[in-house]
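A.B. asks: Here is my input; please provide its structure:
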Amino acid sequence: MSEPGPESIPTSADPRSKRPLKRRAVTAQSQQASQIESLFRDPAKEIKLPGSSKQRTSASLPPPPEIVANVQGSSAGAGSGEFHVYKASRRREYERMRMMENEINKETEDSHWAKQREETRRKDEEKTGKNRKRREKRNAAKNKKRGAASNGKELESMAADAPTQGALSGLDGKTDENQSLPADAVEHAETAGLIIHED
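C.D. replies: Sure thing, here's the model as predicted:
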């Protein structure tokens, strides 16, 4: 057996070879890696992204022909080139009809949703209005009851607190403005509240 020599190295693997490397089948991973490498070669280069594709509608499709010169059925020209022409026209027409049906379905769903939303909003407003009226009525009754009870208490408290208020203001119930307040009067003045005396 002869030992391996330079002639046993494949030509493509030989560094001295000028022959280009064999191109292998490109996998998705290697393709993405090569795209990323090419992007990183020149980071300052502007990247142009393709524009977002507009959704196709029946209006964007070309209209069907107004005059069809050669009307043919599915068996017309079977086995010849005309069959493919028929298949293509049938596919275009089916696509146009499908798009029209989708648009009609979308419009009906949108109108149904808008009607349902409006109905829900109206019911919510009615319920909120009822609750608001009930709350205002309850608060008015509370305020009325509280007002009647507090008016009597206010009159009593005003009469009872007149000396205290006078002492705090320095008037002692009199209207003489020249009267001065003693220094210890403020400390001994009674304040409104509950006083508990221990026995």
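A.B. asks: so how many other residues sit close to Gln55?
C.D. replies: The number of residues packed near Gln55 is 7, by other Cβ atoms under 10 Å. In short, each C-beta sits where N, CA and C put it, glycine included.
A.B. asks: Dihedrals phi and psi, it?
C.D. replies: Main-chain torsions, Gln55, degrees, to the nearest 10: phi -70, psi 130.
A.B. asks: which residues touch Arg117?
C.D. replies: By Cβ atoms under 8 Å, 6 or more residues apart in numbering, no residues touch Arg117.
A.B. asks: Give me the pLDDT for it.
C.D. replies: At Arg117, the predicted lDDT confidence score is 96.
A.B. asks: same question, the one 10 residues further on
C.D. replies: In the predicted model, Lys127 carries a pLDDT score of 96.
A.B. asks: now do Gly193
C.D. replies: 71.
A.B. asks: what does the one 5 residues further on give?
C.D. replies: Glu198 is assigned a pLDDT of 78 by the prediction.
A.B. asks: Helices along the chain, start to end?
C.D. replies: Assigned by DSSP state H, the chain shows helices spanning 28-41, 82-169, 185-188.
A.B. asks: For the protein, give me the ranges with low pLDDT.
C.D. replies: 1-15, 17, 19-22, 70, 72-81, 150-191, 199 (pLDDT under 70).
A.B. asks: what about 80?
C.D. replies: Residue ranges of the chain with pLDDT under 80: 1-25, 52-65, 68-83, 85-86, 147-199.
A.B. asks: and Ala59, how far is that from Arg90?
C.D. replies: 21 Å (Cβ to Cβ, to the nearest Å).
A.B. asks: And Gln32, by the same measure?
C.D. replies: On the measure of Cβ to Cβ, Gln32 and Arg90 end up 38 Å apart.
A.B. asks: repeat for Lys130
C.D. replies: For Lys130, the distance to Arg90 - Cβ to Cβ - is 60 Å.
A.B. asks: now Ile195
C.D. replies: In terms of Cβ to Cβ, Ile195 sits 102 Å off from Arg90.
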